[in-house]
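Visitor: below are the sequence and a predicted model; questions follow.
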Amino acid sequence: MKPLVTRVVILTSLALLSACSQDDAPRSLSPEAANLPVPADLPDAGDFARNLPSHAFTQLSIATNEAATLKSSIDTLIATPTQATLNQARAHWRLSYSAYIAALASSRLPVAEPPEWQSAHLTRRHLTEQLNSWPVEPGYIDYLDGYPLTGIVNDTTLTLSADNISSQHKFSDASYVSLGYPAIEFLLWGESGLRDSSDFDRSADQPPAVPALTTPIENNTPTENDTALDIGGSHNSAHSLAATPKPHAKTVANQARRGEYLRIISDLLHQQLQRLQLRWEPESGYYANKVAQVSPEKILQASLMTTQRLIREELLGHYLKNEGSSPFSAGNHQDVAAALSGLRELFSPKSNTAGLAPLLAQSVHTVKEIDASSHQIEDVNTIADEPPANSPIARLKATLAPDSACGSGWQSAESHTASRQACRQQLLELLATLEEINTQLGMGLSSSH
């Protein structure tokens, strides 16, 4: 009987292993994506799924390289603070931030992440919070007009190090941002966008002309204006605007600390982008390997969900709100154009790789069972290149065009408010078109996905 028992045990074990293997595939995606039912009649999405890790890796590689250039230009600014080196650092910030935003469309697939990343604050969500948290309370970072001693830069009780600055990030409020693109933006442009290069001139470094108060905030009666600007923080007497008396004239101090703070957070920015980039490395990246374990149709579905969420939550719900993004550099329109560029590259890549547009075109035609004899459908790319003018794919391509309202249209609008409203309308139309396509394909993506 032992051989029979052994065979039964082996077969049972193999069955359990097979079941575990089948269960592991959905776990490669987060539950919200893994639990969606996949339509049965979708065309082969294999090329798109195989290309996605490479596409995300390429986009993040561009962002990482731009961040390295930004870091180098900041080093130059600190070593030689002139208006020319400040302008160069600003230009590289713009290029780096645009590259990062453009990478969002392809790199935000809801991949399941290991528990140890959660505990170490290394998940994609955690890294995103370190890279791109806003809106920002600028007085938490550096001086404001009338408040020369506020912020981390002027809190000389805080030793500047990567760990210390990271611990200050969102310390007690979501707007208490100490890291990432928005913090670097404020340090380069200042409150009104007119920061002078002398703010980084170490030879002009001096003790504060107005001494910081040592009286705790709770024992210091603020004025009416102070109350509106009190931002608190872990080092309340130094980080708080209410704890700092207003001088009669602008006084800038701690130039060396300002440069050191900028250098540290630009280093951290580059490191965090590298983490995300390597996770999408096609051969060995964690995210790339997870994507390879999931069916191509599931990847298509998850990509559409990510795209809808990017438009609804990020662009409409965040970037195009009244306060806008990149307020210190006045770059809101460039941020939105960069996001649109990333979506366009995902749908219709410049390279001859598989994009979403031709695949969706083929899918819609398949679902509608169009008569091949009357429409002569032979090439998927032909469908994507010349779709009927009133088709969802044609409308999608039109709203993603570089000369659309969210692209170069900002430049021709009568006002910034009008251009932003036109862009919002364009994105609402894009979202409606995607939802129409999803409905036709039976994707099961509700308006909340």
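Guide: Received the coordinates, thanks.
Visitor: in this structure, where's the longest helix?
Guide: helix 46-79 (DSSP state H).
Visitor: what are the buried residues along it?
Guide: Across helix 46-79, burial judged by 16 or more other Cβ atoms under 10 Å covers 48-71, 73-78. Where C-beta positions appear, they are placed from N, C-alpha and C, glycine not excepted.
Visitor: check stretch 127-146 too.
Guide: In stretch 127-146, counting by 16+ other Cβ under 10 Å, buried: 127-134, 136-144, 146.
Visitor: now stretch 263-270: buried residues?
Guide: Using 16+ other Cβ under 10 Å as the test for burial, stretch 263-270 gives 263-266, 268-270.
Visitor: ok, stretch 83-98 next?
Guide: Result for stretch 83-98 [16+ other Cβ under 10 Å]: buried residues 85-86, 88-90, 92-98.
Visitor: next one: stretch 296-316
Guide: For stretch 296-316, the buried set under the neighbour-count rule, 16+ other Cβ under 10 Å, comprises 296-312, 314-316.
Visitor: what about the residues you listed, which are in helices?
Guide: 296-309.
Visitor: domains of this structure?
Guide: For the chain, automatic domain parsing gives the domain ranges 56-292, 296-441.
Visitor: make JSON lines out of those domains and add mean pLDDT and distance to residue 38.
Guide: Formatted as JSON lines, those follow (pLDDT from 0 to 100; distance: least, Cβ to Cβ, whole Å):
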{"stretch": "domain 56-292", "mean pLDDT": "86", "distance to residue 38": "15"}
{"stretch": "domain 296-441", "mean pLDDT": "78", "distance to residue 38": "5"}
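Visitor: make TSV from the ones you listed and add distance to residue 41 to it.
Guide: Output for the domains of the chain, formatted as TSV (distance: least, Cβ to Cβ, whole Å):
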stretch	distance to residue 41
domain 56-292	23
domain 296-441	6
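Visitor: and of those, who's closest to residue 39?
Guide: Of all those, domain 296-441 sits nearest to residue 39, with 5.8 Å by Cβ to Cβ.
Visitor: ends of the closest one, how far apart?
Guide: End-to-end distance of domain 296-441 (Cα to Cα, to the nearest Å): 15 Å.
Visitor: try stretch 344-358
Guide: End-to-end distance for stretch 344-358: 12 Å, by Cα to Cα.
Visitor: got it, and stretch 319-336?
Guide: End-to-end distance of stretch 319-336 (Cα to Cα): 7 Å.
Visitor: kindly report the same for stretch 277-292.
Guide: This stretch, stretch 277-292, spans 17 Å end to end (Cα to Cα).
Visitor: on that earlier part again, out of the buried residues of stretch 263-270, which is nearest to residue 439?
Guide: The closest of the buried residues of stretch 263-270 to residue 439 turns out to be residue 269 (Cβ to Cβ; 39.9 Å).
Visitor: on that earlier part again, inside helices: which ones of the buried residues of stretch 83-98?
Guide: Using DSSP H, the subset of the buried residues of stretch 83-98 located in helices is 85-86, 88-90, 92-98.
Visitor: now render the buried residues of stretch 263-270 as a markdown table, adding distance to residue 168 and secondary structure.
Guide: What follows is the buried residues of stretch 263-270, written out as a markdown table (distance: Cβ to Cβ, whole Å; DSSP: H, G, I helix; E, B strand; the rest coil):
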| residue | distance to residue 168 | secondary structure |
| --- | --- | --- |
| 263 | 16 | helix |
| 264 | 11 | helix |
| 265 | 11 | helix |
| 266 | 16 | helix |
| 268 | 12 | helix |
| 269 | 15 | helix |
| 270 | 19 | helix |
